[in-house]
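Asker: Any chance you can model this:
(2 chains)
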Amino acid sequence: MLSPSNTIGETGATLMVWTAVTLIATPFLWLSGDLLWYGWHQLSINFVVSVPQNAGREGGIGPILVSTGLIMTVCMAVAMPIGLGTALFLSEYTQNDQVSGRLIRGSLDVLAGVPSIVFGLFGNAFFCQLLGLGFSILSGGLTLACMVLPILIRTVEESFRAIAQDQRLSAAALGISQRATIQHILLPAAIPGVLVGCILGLGRAMAETAALIFTSGYVDRMPTSLMDSGRALSIHIYDLAMNVAGGNSNAYTTALVLIGLLLIINLSASWITKKWTTLNQLPS
Amino acid sequence: MNNIILGTLTSFRALLVFPLLCLYVLVFLPPAEADSGKLVITGSSTMAPLLLEIGKRFEATHPDIRIDVQAGGSSRGIADTIRGLADIGMASRTLTPEENHLHGTVVAHDGIGIILHVSNPLQELTNKQIRSIYSGETTNWQQVGGRDGPITVVNKAQGRSTLELFLQYFKLSNRDIHAHVVIGDNEQGIKTIAGNPNAIGYVSIGTAQYDASHGLPIRLLPLQQIPASLDTVRTGVFPLSRPLTLVTKSSPKGLTKSFIEFAQSSKVHDLILQQYFIPF
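Answerer: Residues are numbered from 1 along each chain as shown, chains lettered A, B, ... in the order given. You can find the predicted model right below:
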C-alpha cells in the first residue's frame, strides 16, 4: 500500500517524464509538420528528376540529387575500408593502455569535435589546391570522409569490443589464426555495429553544408565525372533559403527530400541489422 | 534462397569490395571536356545566382564550354583571381585603389537599403541617427522619435561588400559598430529582421523589395528623403548603391572576353531583372 506522499511522488515523476517526452517530441513534430505543410504540395517525380531553373526558384533538383549521391559514394568508399581497418587495429592489435592506441583515440576524439567549416577549409587547401583536384565531387567526398572517420571508427571499435572475450580465447585455443578469427568470427558478429557506424557517418555527411561549400562547390549542372563541381542537397537548401529571394518554397521541398532520404537510409539499416542478427542466431 | 542472397549481400567482403568497386567505376567515367573550355568564376554570393544563370545561357550557345560558378564573398573572388584559382572574380563593389592593377567590368547595379520591421512606426531616419544607432550611442527607439523598445542592430559579416559600402557611406569603421546580430547573406538578414520588431539592418534593395511584396513583415526606409526602390537606383538618384563587377587579372581575352561581353550585353537583361538587379 502506498502512502499519500508516495502517490504524489509517483504522479510527479510520471508528469516529469511525460513533460520531458513532450519537449523532445514537439520540435521534431513541429519541424516535420512545417516541412510537410510548405513542401509537400510541389513534391513530385518531376521535381525530383528535373533541372533547377532561375537560380533554383523553379525547376527541380535532379542534378543535385545525383551530385549528393556521388559525394556520399566517394565518402563511404574511402571512409569504410580505412575506418574498419583502424577500428580493428584499435580493438584487436593494441592493448587499451598502449601509447599508440591512446594517441590514435585521442586524436580521433579531437577530430570528432572539430567544427565542419574547419574540415571545409582544410579540404579546400589540401584536396582542391595542393592535390590539384579543384572544386570537385572527389574533393567534397574526400573531405567528408575525413570528417566522418572519427564517428565511424569509434562506433565500429565499440562493436568489436562488445564481442565477448571468450570467443577470441576459444578461437585461439582451437589454433585458429588471428586473421581467420577476425574474418570468420569477429567481423560477422560486428556487422550490425559497422552498419550503424556507417549510417551515423552517412547521416552526418548528408546534412553537411560548411565542409562542402568550399570543396564540392556551387555548380548545379548534372555532373559527368567525379572531377566536376557538384552542389549537394544541403548547400542547395542553404542557398535557396539564405541567398535567393523567393527560393523558400523550393528550399522546403528539397529539405523534405533530404529528410525522406535520411529516413529511408535509417530504416533500411535497422532492417538489415535485424535480418542479420536473426540469420546469425538461427542458421537454416 | 532469400537467406542466401541476403547473406551474400551483407557478407563483410561485399561490404568492403562493393564501395571500392563503385569508386573505381566512377573514377573511370568519361572525363569532362578539356580544361581550355572551362571558365571558373568565384566570389560574391549576391552575384553567384545571377552568374549561374548567365553561365547556363552562355553554355546553351557554346556547347563545348563549361562555366563553373562558386560562391564565397567578394574578397574571396578577388583573392582567387589574383592567385589564379579563378578566371573571373565576382565583386559586388567598386575596386579599391590597391586593387587597381585588376581589370573590372560592371555588369549590373544593386542598391543597399535600410530595413525595419513593418510594425516599427518610424518613417524616416537621418544619416546621423543611423550612424549613432550603429555606433551604439542610441540604444532605444524612443531616442530617435520611435516607440519604447531596445534597438537590435543587425550587421553584415566581415568580407561582405555590403558591409564595406555601408561603412564607407556612413563614415564608420567596423570596430565602432556595436552589433547584436552578425549575418552573412541578404535573405538571412531579412529573415532576422522579419522575426524581430525592434531590429534594424541593411540589405540589397532588390531582395528586400521582392520579400516585402511577398508578405514578409519588413519595410525599406528612404535615405536622405529618397525612397529606396529599384527605380531610384536605376536612375542613379539613390545615394547608396553598388556596381556588380566582374574582375580579371589583366584585360580579358579569348573565352573570358567573350563571356564578359556576353554578360554585359542586352541578351542577359531579363536574367539580371529576374535576380532583382538593374542592368548596366
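
Asker: what does the helix or strand containing residue A:110 contact?
Answerer: Residue A:110 belongs to helix A:99-112 when elements are defined using DSSP states H and E. Residues from elsewhere that reach helix A:99-112 (Cβ atoms under 8 Å, 6 or more residues apart in numbering or on different chains): A:86, A:89, A:90, A:94, A:95, A:146, A:149, A:150, A:151, A:153, A:154. Placement of C-beta: from N, CA and C, glycine included.

Asker: So which bits of the longest helix along chain A are buried?
Answerer: For chain A, the helix with the greatest residue count under DSSP state H is helix A:4-39. For helix A:4-39, burial by neighbour count (16 or more other Cβ atoms under 10 Å in any protein chain shown) applies to A:35, A:38, A:39.

Asker: got any ranges where the chain has weak pLDDT?
Answerer: Using chain A here. A:1-5, A:280-284 (pLDDT under 70).

Asker: To clarify, I was referring to chain B.
Answerer: B:1-36.

Asker: Nearest the middle, which residue of it would you pick?
Answerer: residue B:46 (1.5 Å; Cα atoms, centre = their mean).

Asker: surely that residue meets residue B:205?
Answerer: No. Assessed by Cβ atoms under 8 Å, residue B:46 is found out of contact with residue B:205, at 11.6 Å.

Asker: Need the residues touching each of the two.
Answerer: Taking Cβ under 8 Å, 6+ apart as the criterion, residue B:46 and residue B:205 both touch residue B:110.

Asker: how distant is the helix or strand hosting residue A:72 from the center of its chain?
Answerer: Residue A:72 belongs to helix A:62-88 when elements are defined using DSSP H and E. Offset of helix A:62-88 from its chain centre (Cα atoms, centre = their mean, to the nearest Å): 10 Å.

Asker: Which elements pack onto that helix?
Answerer: With contacts defined as 3 or more Cβ pairs under 8 Å, 6 or more residues apart in numbering or on different chains; DSSP states H and E, helix A:62-88 has these neighbours: helix A:45-49, helix A:137-161, helix A:187-206, helix A:233-242, helix B:12-27.

Asker: quick one: which of the ones you listed is nearest residue B:266?
Answerer: helix A:233-242 (27.3 Å; Cβ to Cβ).

Asker: Show me the contact partners of the closest one.
Answerer: By Cβ under 8 Å, 6+ apart, the residues outside helix A:233-242 that reach it are A:52, A:56-57, A:61, A:64-65, A:68, A:206-209, A:212-213, A:216, A:218, A:220, A:231, A:247-248, A:250-251, A:254-255, A:257-258, A:261, B:48-49, B:71, B:184-188, B:191.

Asker: could you flag which of those residues are buried?
Answerer: A:52, A:56-57, A:61, A:64-65, A:68, A:206, A:208-209, A:212-213, A:216, A:218, A:220, A:231, A:247-248, A:250-251, A:254-255, A:257-258, A:261, B:48-49, B:71, B:184-188, B:191.

Asker: Out of these, which sit inside strands?
Answerer: Among those, DSSP state E puts A:52, B:71 in strands.

Asker: all helices in chain B, in order from the N-terminus.
Answerer: Going by DSSP H, chain B shows helices at B:2-10, B:12-27, B:48-61, B:74-83, B:127-134, B:161-169, B:186-194, B:205-213, B:230-234, B:254-264, B:269-274.

Asker: neighbouring contacts of the last one?
Answerer: Put plainly, it is helix B:269-274. A:54, B:50, B:53, B:54, B:57, B:107, B:108, B:278, B:279.

Asker: 7 Å instead, please
Answerer: A:54, B:50, B:53, B:54, B:57, B:108, B:279 (Cβ atoms under 7 Å, 6 or more residues apart in numbering or on different chains).

Asker: Pull out the buried residues from stretch B:203-219.
Answerer: Under the neighbour-count criterion of 16+ other Cβ under 10 Å, stretch B:203-219 has B:203-212, B:216-219 buried.

Asker: From those, pick the one nearest residue B:243.
Answerer: Nearest to residue B:243, judged by Cβ to Cβ, of the buried residues of stretch B:203-219 is residue B:204 at 13.0 Å.

Asker: Tell me who's in contact with the residue lying closest to the closest one once chain neighbours are set aside.
Answerer: Using Cβ to Cβ, 6 or more residues apart in numbering or on different chains and skipping the chain neighbours, the partner closest in space to residue B:204 is residue B:186 (4.8 Å). Listed by Cβ under 7 Å, 6+ apart, the contact set of residue B:186 reads A:243, B:46, B:203, B:204, B:207.

Asker: Equivalent analysis for residue B:260, please.
Answerer: Counting by Cβ under 7 Å, 6+ apart, residue B:260 touches B:105, B:246, B:252.

Asker: First residue to last residue on stretch B:146-155, what's the distance there?
Answerer: End-to-end distance for stretch B:146-155, by Cα to Cα, to the nearest Å: 21 Å.

Asker: just stretch A:223-242 next, same as before
Answerer: End-to-end distance of stretch A:223-242: 24 Å, with Cα to Cα as the criterion.
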